[in-house]
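**Q** Quick one: sequence and predicted model below, then my questions.
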Amino acid sequence: MQLQSGFWPDKIFHFVLSYGPTRPYSSPVRSFAAIRDLTTSVCSLLALTFNARIMAPGGGICKEMIESPLAFSDYDMTTSSAELRGSPLRKAATGLCGNLGSSSTNDVHELLECPVCVNLMYPPIYQCPNGHTVCSKCKTRVHNCCPTCRNELGNIRCLALEKVAESLELPCRYQILGCHDIFPYYSKLKHEKNCRYRPYNCPYAGAECSVTGDIPSLVTHLKNDHKVDMHDGCTFNHRYVKSNPHEVENATWMLTVFNCFGRQFCLHFEAFHIGMAPVYMAFLRFMGDEDEARQFSYSLEVGGGGRKFMWQGVPRSIRDSHRKVRDSQDGLIIQRNLALFFSGGDRQELKLKVAGRIWKEQ
């Protein structure tokens, strides 16, 4: 059984006429031909969706479009239309719907692609009286002026296109990194925010770095681009030196990376203020996800003059930025006066030894 692109054209036409361009006030739609063109596109998209669903194992007929419109203003709508072009829906249509051809598959991403940001659109999807669509973010960006025909956009909602999108299923944008799950069009964004295969941000704290990638590529990046210290072993003894500690209000020392148990750990050391009090803080971050980080523990220790100060905790995942960890005070914190006492001498120069150990919980 296969649906043709002319599937229920009259019914779809009346649906688009009734629910497509809508205004909060009474006003005739100026372009009757635009509605007919949108009807044709929606019919092709429905036919493509139906064929992909009916031929898939366990597939079912498309849901009737009777639900209320959805709002997705809380999501970060940055899904690329290239993901839709590479989705199983497109592949199914290419192999099974010969008489629909490439024009129908092109309709899928062209209809849902915002002409301004070129990302896939999510409700509310707006359109001008001539049927040109734009996403809600770009509607403000173009000052309520249609980017295609320059007509005023107003508050016309393209409910027909929003309803058609409900029947689509797309792969995760991180498919190439190992996520092979398929998601309904409107739940895909929520998954991607927490997908375990999403890239990691560079953990370097000395400057803002926009590089992202998997752990092996980030380790290479840290070594080659940031020239960080790399050490093998699960114990360490570092000395942090500053000749004018009283003049330093905020500072970040060079990151150190340890290879331990076949994984990588980042040792941070920073100077900042908690309220009005100047402090130093040392903490460890794990290069991996939070559930993996909980498999390890670490201890940090500073001392001098027969006194010792110690911290024990669980390393934080680099999913949490170094600023977030620092602001949560999840690490060894020592006030500047005490750090200078541990440094010895006349207390005018910071020479603080930080010893530590990493172990794996049983």
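**A** Yes, it's here.
**Q** Excluding its own residues, what touches stretch 213-228? List them.
**A** Contacting residues not belonging to stretch 213-228 are listed as 177, 199-200, 202-204, 206, 209, 211, 230, 254-257, 264, 287-288 [CB atoms under 8 Å, 6 or more residues apart in numbering]. The C-beta positions use only the backbone N, C-alpha and C, and glycine is treated the same way.
**Q** Dump the C-alpha coordinates for it into PDB.
**A** Extracted in PDB, the C-alpha atoms of stretch 213-228 (Å, rounded to 0.1, in the frame of the first residue of the first chain):
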ATOM      1  CA  GLY A 213      35.300  17.100  20.800                       C
ATOM      2  CA  ASP A 214      35.600  13.700  22.200                       C
ATOM      3  CA  ILE A 215      38.100  12.900  25.000                       C
ATOM      4  CA  PRO A 216      41.000  11.700  22.900                       C
ATOM      5  CA  SER A 217      40.800  14.800  20.600                       C
ATOM      6  CA  LEU A 218      40.600  17.100  23.600                       C
ATOM      7  CA  VAL A 219      43.700  15.500  25.300                       C
ATOM      8  CA  THR A 220      45.600  16.100  22.000                       C
ATOM      9  CA  HIS A 221      44.300  19.600  21.900                       C
ATOM     10  CA  LEU A 222      45.300  20.400  25.500                       C
ATOM     11  CA  LYS A 223      48.800  19.000  24.900                       C
ATOM     12  CA  ASN A 224      49.500  20.600  21.500                       C
ATOM     13  CA  ASP A 225      47.500  23.900  21.600                       C
ATOM     14  CA  HIS A 226      47.500  24.800  25.300                       C
ATOM     15  CA  LYS A 227      50.800  23.200  26.200                       C
ATOM     16  CA  VAL A 228      49.500  21.900  29.500                       C
END
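**Q** What residues sit buried inside that stretch?
**A** 218-219, 221-222, 226, 228 (16 or more other CB atoms under 10 Å).
**Q** before we move on, what about stretch 155-171?
**A** So, applying 16+ other CB under 10 Å, buried residues of stretch 155-171: 156-171.
**Q** what's the span of that stretch, first residue to last?
**A** Stretch 155-171 has an end-to-end distance of 31 Å (CA to CA, to the nearest Å).
**Q** Going forward, the N-terminal residue is numbered 6.
**A** From this message on, residue numbering opens at 6, which makes the last subject stretch 160-176.
**Q** Show the average pLDDT along it.
**A** Stretch 160-176 carries an average pLDDT of 84.
**Q** For this structure, give me the ranges with low pLDDT.
**A** Scanning the chain for pLDDT under 70 picks out 6-114.
**Q** So what does the nearest residue to residue 336 once chain neighbours are set aside have for phi and psi?
**A** Distances taken as CB to CB, 6 or more residues apart in numbering put residue 288 closest to residue 336, at 2.8 Å, once the chain neighbours are dropped. Backbone torsions of residue 288, given as degrees, to the nearest 10, read phi -160, psi 160.
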